[in-house]
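> model the structure of this input:
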Amino acid sequence: ELLASMVSGELDIALLPANAASVLYNKTEGKIQVIDINTLGVLYIVENSDAEYQSIADLKGKTILTTGKGTTPEYVLRYVLSENGLDPDTDVTIEYFSESTEVVAQMTARGEGTIAMLPQPFVTSALSQVEGLSVKFDMTEEWEKVAGSQLVTGVLVARTDAIEADPEAFDAFLAAYQASTEAANTDLEGTAALCESYGIVAKAALAQKALPECNIVFVTGDEMRTALETYFQVLYDANPSSVGGALPDDGFYYGA
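Residues are numbered from 1 along each chain as shown. Okay, here's the model as predicted:
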């Protein structure tokens with residue numbers, strides 16, 4: 001829906017998964033730009049056991065439950081496994097489910113020793129539901145170890161003609177947007193209350209616990225470009241269509 005609205009010109013600004021921004025750039029033939037990274041990695045590997053792991057390589061022979069087959073969570077997982085010397089098709093068993101809630105239910109049903117990769121805020125929710133559950137790996141950290149740059153989840157994009165039509169209004173929006181990002185990371189109680197009132201997270205208490213782990217950021221310019229270029233290359237190598245069939249060119253990156 002968001003992609004269609006941006007293509008038609010109904011929307012000027014949207015917050016999208018990073019790869020969807022690349023798809024949109026290709027689909028509109030360069031009529032949008034990526035403004036900032038608003039969310040870094042939110043994926044974590046959890047297990048309901050007291051097992052200790054030294055590295056991702058220790059997952060050899062394990063079964064991993066997750067969501068996102070054919071989308072970015074799968075590509076991130078496969079890349080990190082591969083870069084740690086594991087063949088995702090033979091050294092581990094990856095079971096995919098359509099929703100994170102299904103994964104949490106499976107962890108409860110299967111009992112001790114069940115491993116899953118989940119995004120926030122489902123990780124925080126699962127930690128309160130599944131006995132003995134703990135985080136074993138932060139996939140953002142694991143990505144940085146092997147890719148040498150930040151793992152990206154979400155970005156903000158804007159139509160280039162909308163920016164050019166009223167640059168002062170756009171600058172004012174960006175300033176307010178950056179301030180709201182900072183508030184989300186400092187005023188956790190107030191932000192959590194908003195999450196509940198807008199139906200983003202069911203309960204403010206859960207949102208307040210999850211917010212510090214959600215990697216909400218305001219990353220622009222060259223730092224944004226470096227992270228996105230590395231991320232897009234991994235996705236393109238896995239499946240070119242995941243970024244719209246081609247890597248974005250220089251015109252994609254606002255202020256970089």
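
> just the helices in the stretch 51-200 of the chain please.
For the stretch 51-200 of the chain, the helices defined by DSSP state H, counting those that start in this stretch cover 72-83, 100-110, 122-129, 139-147, 160-165, 167-186, 188-197.

> quick one, which of those helices is nearest to residue 50?
Of all the helices of the stretch 51-200 of the chain, helix 122-129 sits nearest to residue 50, with 14.4 Å by C-beta to C-beta. Heads up, the C-betas are built off the backbone N, CA and C, glycines and all.

> hmm, back to that, which stretch in the helices of the stretch 51-200 of the chain has the least confidence?
When the helices of the stretch 51-200 of the chain are compared by mean pLDDT, helix 122-129 comes last with a mean of 88.

> show me what contacts the residue nearest the centre of the chain?
By C-alpha atoms, centre = their mean, the chain has its centre lying nearest to residue 153, at 2.5 Å. Residues counted as contacts of residue 153 (C-beta atoms under 8 Å, 6 or more residues apart in numbering) are 17-18, 39-42, 215.

> repeat that with 10 Å
17-19, 37-43, 72-73, 76, 119-120, 140, 214-217, 231 (C-beta atoms under 10 Å, 6 or more residues apart in numbering).

> and what of residue 104?
Counting by C-beta under 10 Å, 6+ apart, residue 104 touches 46, 65, 97, 116, 118, 122-123, 125-127, 129-130, 133.

> just the buried residues of those.
By neighbour count, with 16 or more other C-beta atoms under 10 Å, these hold 46, 65, 97, 116, 118, 122-123, 125-127, 130, 133 as buried.

> quick check: the farthest pair among those?
97 and 127 (18.4 Å).

> tell me which of the contacts of residue 153 fall in helices.
18-19, 72-73, 76, 140, 231 (DSSP state H).

> save these as CSV, and put in distance to residue 204 and neighbour count too.
What follows is the ones in helices among the contacts of residue 153, written out as CSV (distance: C-beta to C-beta, whole Å; neighbours: other C-beta atoms under 10 Å):
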residue, distance to residue 204, neighbour count
18, 28, 23
19, 31, 24
72, 28, 23
73, 27, 21
76, 29, 27
140, 25, 20
231, 32, 27
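
> ok so, going back, what's the farthest-apart pair in the contacts of residue 104?
Going by C-beta to C-beta, the pair spanning the contacts of residue 104 furthest: 97 and 127, at 18.4 Å.

> how about residue 122: what's its closest non-neighbour residue?
residue 100 (4.1 Å; C-beta to C-beta, 6 or more residues apart in numbering).

> my guess is that neighbour meets residue 121, correct?
Yes. Under the criterion of C-beta atoms under 10 Å, residue 100 makes contact with residue 121 at 9.4 Å.

> would you confirm that residue 94 contacts residue 63?
Yes. The criterion here is C-beta under 10 Å, and residue 94 meets it with residue 63 at 7.7 Å.

> the two: which has the busier surroundings?
Remark: of residue 94 and residue 63, residue 94 carries more neighbours, 17 against 14, as counted by other C-beta atoms under 10 Å.

> residues in contact with that one?
Contacts for residue 94 were tallied using C-beta under 10 Å, 6+ apart; they are 62-66, 69, 74, 77-78, 81, 88, 117.

> pLDDT value on it, please?
Note for residue 94: predicted pLDDT of 97.

> which residues does it bridge with?
Residue 94 forms beta bridges with residue 64, as assigned by DSSP bridges.

> residue 201 sits in which helix or strand?
Using DSSP states H and E, residue 201 sits in no helix or strand.

> list phi and psi for it.
phi -130, psi 140 (degrees, to the nearest 10).

> distance check, it against residue 193.
As defined by C-beta to C-beta, to the nearest Å, residue 201 lies at a distance of 10 Å from residue 193.
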